[in-house]
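Colleague: got a sequence here, can you build the structure:
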Amino acid sequence: MIEHTVKAFDKELETLGGHIAEMGGIAEKMLADAMDALAGMNTQLAQKVVAADPRLDALQRTVEDFAVHTIARRQPLAIDLREVIGAMRISADLERIGDLAKNIAKRAIKIGGESPIPRAVIGLKSMHDIAVRQLHDVLNAYAQRDSESARAVWNRDIELDALEDTVFRDLLTFMMEDPRNITFCTHLLFCSKNLERVGDHTTNIAETVVYIATGGSLPMERPRGMDFFLHA
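Modeller: Reported below is the predicted structural model:
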């Protein structure tokens, strides 16, 4: 391959990486704002989260189109092909994380008129903190092509699963204590499931980082907590 073609391909890979970095930043911001909206019953902030989702969707389509055209033009092999395919996979997971953040924001809008139960949100905040840390760490692992850091994120997913089990039990307790809490807590149950699924997508990204960096794969089964609430 002649020199200018190699440089052009490197530039295309940088462009893909830049799109993934932008998507990661948007997804992190959406998650943070969605949790703040839920905890503060802030419907305006929740609406901003919903409004941010189309940008993430558009970027995901851009990554897919760019990757397909790159494969068609360059016909990459080995590590170069893994880079392009990996970017496509990661963009799909980041788009789904944005959807999950949007779902949390929509729940915040729906319960805006309900009487809040501040102690019921504490567990969700803890889940959110873990999910955001996992996402941040796996995006750093991707930026550095660090398979060991990605593997560490994959192994830590069990923390989020276990915490979801605790949140599930706590919310059931609140509902049994006072039937008036049922509607509010039911919405929170769906939010906790969304956060658990964010963790699933971060582990997907971790698996992709390992694939890009090494060409290998992680085990098919991830470590999991107890299945109290329809793990998917």
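Colleague: neighbours around residue 147, how many?
Modeller: Applying other C-beta atoms under 10 Å, we find 18 residues neighbouring residue 147. The way it works is simple: take the backbone N, C-alpha and C, and place the C-beta from them, glycine included.
Colleague: same question but for residue 73, I mixed them up
Modeller: By the criterion of other C-beta under 10 Å, residue 73 has 12 neighbours.
Colleague: so where's the protein uncertain?
Modeller: Scanning the chain with the threshold set as pLDDT under 70 gives 1-6, 114-115, 220-232.
Colleague: what do you get if the cut-off is 90, keeping everything else the same?
Modeller: 1-12, 72-80, 112-120, 180, 216-232 (pLDDT under 90).
Colleague: for the longest helix anywhere in the chain, what is the distance to the chain centroid?
Modeller: Of all the segments of type helix in the chain, defined by DSSP state H, the longest one is helix 3-40. What separates the centre of helix 3-40 from the centre of its chain is 12 Å, taken as C-alpha atoms, centre = their mean, to the nearest Å.
Colleague: other SSEs contacting that helix?
Modeller: The contact analysis (3 or more C-beta pairs under 8 Å, 6 or more residues apart in numbering; DSSP states H and E) places helix 3-40 against helix 43-74, helix 78-110, helix 118-144.
Colleague: and the first one with helix 3-40, angle?
Modeller: In this case it means helix 43-74. 160 degrees (axes from the mean of the first three to the mean of the last three C-alpha atoms, to 10 degrees).
Colleague: buried ones in helix 43-74?
Modeller: Neighbour-count burial for helix 43-74 flags 43, 45-46, 48-50, 52-53, 56, 59-60, 62-63, 66-67, 70, 74 (criterion: 16 or more other C-beta atoms under 10 Å).
Colleague: also the shortest one?
Modeller: Applying a neighbour-count criterion of 16+ other C-beta under 10 Å, one finds 120-121, 123-124, 126-128, 130-132, 134-135, 137-139, 141-142 buried in helix 118-144.
Colleague: by contact count, what packs against that helix?
Modeller: helix 3-40, helix 147-177, helix 182-214.
Colleague: and residue 86, which of the ones you listed is closest to it?
Modeller: helix 182-214 (4.1 Å; C-beta to C-beta).
Colleague: report the angle between that closest one and helix 118-144.
Modeller: Using the same axes, to 10 degrees, helix 182-214 lies at 10 degrees relative to helix 118-144.
Colleague: how far is helix 182-214 from where the chain is centred?
Modeller: With C-alpha atoms, centre = their mean, you get 6 Å for helix 182-214.
Colleague: helices and strands around it, which ones?
Modeller: Using 3+ C-beta pairs under 8 Å, 6+ apart as the test, helix 182-214 ends up in contact with helix 78-110, helix 118-144, helix 147-177.
Colleague: roughly how far does residue 207 sit from residue 219?
Modeller: Residue 207 is 10 Å from residue 219, where distance means C-beta to C-beta, to the nearest Å.
Colleague: comparing those two, which residue is more hemmed in?
Modeller: For residue 207 and residue 219, the more surrounded residue by other C-beta under 10 Å is residue 207, and the numbers stand at 24 against 8.
Colleague: now do that one against residue 90, distance only.
Modeller: Separation of residue 207 from residue 90 (C-beta to C-beta): 10 Å.
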